[in-house]
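sequence and predicted structure, then a few things I'm wondering about:
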Amino acid sequence: MRPIEHVLGYARLGYAVLPLLPGEKRPHPRLVPHGLKEASRDPATLEAWWRSCPQAGAGILPAPEVLVLDFDDPEAWERLKEEHPTLLEAPRARTPRGGVHVYLRLPPEAVGRLSASVRAIPGVDLRGLGRSYLVAPPTTLPTGAYVWEVPLRRPEELPPVPAPLLARLLPPPPPPREVWTPVEGVSPKRLQALLQAYAAQVAHTPEGQRHNTLIRYAVAAGGLLPHGLDPREAEEALVAAAMSAGLPEAEARAAARWGLEVGASRPLALEPSLAPSGPRTYRARVYARMRRWA
């Protein structure tokens, strides 16, 4: 199959494409001087590029809902596929040096929340997401060629990121606004306020997002366990919230326990919370100053 046939096939599947310099990974500076910003799905544009440079490599720019796991370390791929066997069903390309690109679909609530600059799992980079391109078959480098081990599919047909894996990749939710407490540091009252805020978020999650949301907030609540939060109390609060949102108890309890266990190894950084030492409102502060000056 000629390179242009591969390229047109990617465009038909819904992926924007850009030409790469022959034998290299970087965009062709003459054809696409602005790099990935000029990636296109237009057949006429693609044909013009590859007519001008038939040996150009192919770069794929996935949409924001497409996450590509880039395994430079083959051992990292072996470890992760054992933990999540469903990854073997996802489209994947083998790189010349033995790495792997695995194409997955993000749930709507996670789109835009992952950062390609964060390495949450050793040996794995986050690519795609509408922000970075992937070198794709039939690109050939001096070290070898890229090949599909599992063929590419349309973005909406990609398998979803496994929920436990997504929980590891997403940043923990920020602590909610906290009530003032009279105790310096992380008090039981403060931990309770945080737990209840997390549970409230779980309880109000719409259908289709409940499982992933529960895992996210369970991981966050797990980060409170090293500060003294009772794990049984945390589990019961999260399970009750998930059940009120409509999750079955068995599913809710399994997800909550898994998230709490993961979060316990990632303590949340909580700054000491001090009681306010003066009037809270602007008017009260003005009157207080006037009284001092009188």
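Nice, I can see it. Keep in mind the model is a prediction, meaning the values are calculated, not measured.

the residue nearest the centre of the chain: what's it in contact with?
When CA atoms, centre = their mean is applied to the chain, the residue found nearest the centroid is Leu114 (3.5 Å). Applying CB atoms under 8 Å, 6 or more residues apart in numbering to Leu114 gives the contacts 67, 106, 126, 129, 169-170. C-betas here are computed from N, CA, C, even on glycine.

can I get these in CSV including pLDDT, neighbour count and secondary structure?
Listed next are those as CSV, based on pLDDT from 0 to 100; neighbours: other CB atoms under 10 Å; DSSP: H, G, I helix; E, B strand; the rest coil:
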residue, pLDDT, neighbour count, secondary structure
Leu67, 96, 25, strand
Leu106, 94, 25, coil
Leu126, 92, 20, strand
Leu129, 92, 22, coil
Leu169, 87, 19, helix
Leu170, 81, 21, coil
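
looking at those, which is nearest Glu233?
If you rank the contacts of Leu114 by distance to Glu233 using CB to CB, Leu170 comes first, at 24.1 Å.

doesn't Gly112 make contact with the closest one?
No. Look at Leu170 against Gly112 with CB atoms under 8 Å: they stay out of range, at 11.2 Å.

where does the prediction get shaky in the stretch 151-294 of the chain?
172-186, 271-294 (pLDDT under 70).

helices along that one, start to end?
Using DSSP state H, counting those that start in this stretch, the helices of the stretch 151-294 of the chain run over 163-169, 188-203, 210-222, 231-245, 249-264, 282-293.

and these, which is most packed in?
The highest mean neighbour count among those, using mean count of other CB atoms under 10 Å, belongs to helix 210-222: a mean of 26.

send the alpha carbons of it over as CSV?
Listed next in CSV are the C-alpha coordinates belonging to helix 210-222 (Å, rounded to 0.1, in the frame of the first residue of the first chain):
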residue,chain,number,x,y,z
ARG,A,210,-20.6,7.8,38.3
HIS,A,211,-18.0,5.1,38.4
ASN,A,212,-15.1,7.2,37.3
THR,A,213,-16.1,10.1,39.5
LEU,A,214,-16.4,7.8,42.5
ILE,A,215,-12.9,6.5,41.8
ARG,A,216,-11.5,10.0,41.5
TYR,A,217,-12.9,11.2,44.8
ALA,A,218,-12.0,7.9,46.5
VAL,A,219,-8.4,8.5,45.5
ALA,A,220,-8.6,12.0,46.9
ALA,A,221,-10.2,10.8,50.1
GLY,A,222,-7.5,8.2,50.3
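
what's the burial count for the residue nearest to Pro27 when sequence neighbours are not counted?
Nearest residue to Pro27, sequence neighbours excluded (CB to CB, 6 or more residues apart in numbering): Gly35, at 4.6 Å. Gly35 sits with 15 neighbouring residues when counted by other CB atoms under 10 Å.

from now on call the first residue 41
Sounds good: first residue 41 from here, last item Gly75.

please report phi then psi for Gly75.
With angles defined as degrees, to the nearest 10, Gly75 sits at phi 70, psi -140.

so it makes contact with His68?
No. Using CB under 8 Å as the test, Gly75 is too far from His68 to be in contact (9.5 Å).

between these two, which contacts overlap?
Common neighbours of Gly75 and His68 (CB under 8 Å, 6+ apart) are Leu58.

before we move on, back to that, just send the contacts of Leu154 back as TSV, with distance to His124 too.
Converted to TSV, the contacts of Leu154 look like this (distance: CB to CB, whole Å):
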residue	distance to His124
Leu107	13
Leu146	15
Leu166	15
Leu169	19
Leu209	12
Leu210	15
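
which of those residues sit farthest apart?
Leu169 and Leu210 (12.6 Å).

what's the neighbour count on Leu128?
The burial count for Leu128: 12, using other CB under 10 Å.

which secondary structure element contains the closest residue to Leu174 other than its chain neighbours?
Leaving out its chain neighbours, the residue that sits closest to Leu174 by CB to CB, 6+ apart is Ile100, at 5.0 Å. Assigned by DSSP states H and E, Ile100 belongs to strand 97-101.
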